[in-house]
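Novice: Build the 3D model from these lines:
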Amino acid sequence: MQWELEFSPSISGARGRYAKASTTETVLSVADLSRDREKKVLELVENHCRFMNIGNVEGQMACFGDRIFKYFDKGQVGKSFIMKDIKNHTRPYEIFATDLLDVKANKAEGNNLFDYEAVAKIRLTLKKRAGQVRTQIITNFYGLKFQGDKPEIVYIDRIKE
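Specialist: Below you'll find the model as predicted:
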């Protein structure tokens with residue numbers, strides 16, 4: 001019996017589910033599986049940016065793996081450090097918007113820390129408590145590792161432009 005992967009949209013993005021193949025059985029090629037993984041990586045990065053936009057710390061934390069090999073300029077840290085850092089970083093600001101301008105992902109060749117890499121260009125519009133509004137465009141580099149069929153961020157850094 002063959003299985004094919006189907007996607008159905010949901011509030012948190014597309015989630016894979018398995019369904020029996022029709023009588024014309026389909027076998028997914030390696031390229032199709034790779035595209036499926038790339039799609040999941042893109043969805044995770046987009047969700048991470050969406051959670052940033054609404055200030056959902058728990059949602060952001062769900063995007064990270066248990067072991068983070070590099071977290072910006074802080075080096076190797078755990079999830080508890082990231083949660084504290086997110087809360088400290090966003091305290092003086094109110095995030096008006098996080099617009100995902102562009103995101104690209106591909107398989108990380110010859111890398112033992114992560115399976116896929118993604119680059120996201122984001123426009124942040126922040127308001128300081130004193131009323132000053134500031135907009136900045138940032139580019140983040142993400143390294144993602146798959147745990148089973150689910151990608152997790154294990155490496156994140158800012159690309160200086």
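Novice: dump the residue contacts of the residue nearest in space to the middle of the chain.
Specialist: Note on the chain: the residue nearest the mean C-alpha position is residue 45, at 2.3 Å, using CA atoms, centre = their mean. Residue 45 makes contacts with 103, 105, 118, 120, 142, 144, as judged by CB atoms under 8 Å, 6 or more residues apart in numbering. Any C-beta I mention is one placed from the backbone N, CA and C, and that applies to glycine too.
Novice: tell me the SS of the closest residue to the fifth one other than its chain neighbours?
Specialist: This means residue 142. With sequence-adjacent residues excluded and distances taken as CB to CB, 6 or more residues apart in numbering, residue 142 is closest to residue 118, at 4.4 Å. State at residue 118, reduced to three classes by DSSP: H, G, I helix; E, B strand; the rest coil: strand.
Novice: Need the pLDDT of residue 118.
Specialist: Looking at residue 118, its pLDDT is 95.
Novice: ok so, going back, a markdown table for the contacts of residue 45, including neighbour count and distance to residue 153?
Specialist: Listed next are the contacts of residue 45 as a markdown table, based on neighbours: other CB atoms under 10 Å; distance: CB to CB, whole Å:
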| residue | neighbour count | distance to residue 153 |
| --- | --- | --- |
| 103 | 19 | 13 |
| 105 | 22 | 12 |
| 118 | 25 | 9 |
| 120 | 22 | 11 |
| 142 | 23 | 6 |
| 144 | 25 | 6 |
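Novice: Any chance of TSV for these, columns distance to residue 97?
Specialist: Listed next are the contacts of residue 45 as TSV, based on distance: CB to CB, whole Å:
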residue	distance to residue 97
103	16
105	23
118	21
120	15
142	20
144	25
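Novice: Identify each buried residue in the longest helix along the chain, please.
Specialist: The residue-count maximum for a helix in the chain (DSSP state H) belongs to helix 30-54. Neighbour counts over helix 30-54 (16 or more other CB atoms under 10 Å) mark 37-38, 40-45, 47-53 as buried.
Novice: Would you agree residue 64 is in contact with residue 79?
Specialist: Yes. Using CB atoms under 8 Å, residue 64 makes contact with residue 79 at a distance of 6.0 Å.
Novice: More neighbours: the two, which one.
Specialist: Higher neighbour count among residue 64 and residue 79: residue 64, with 19 against 15, using other CB atoms under 10 Å.
Novice: Pull the number of nearby residues for residue 134.
Specialist: The burial count for residue 134: 11, using other CB under 10 Å.
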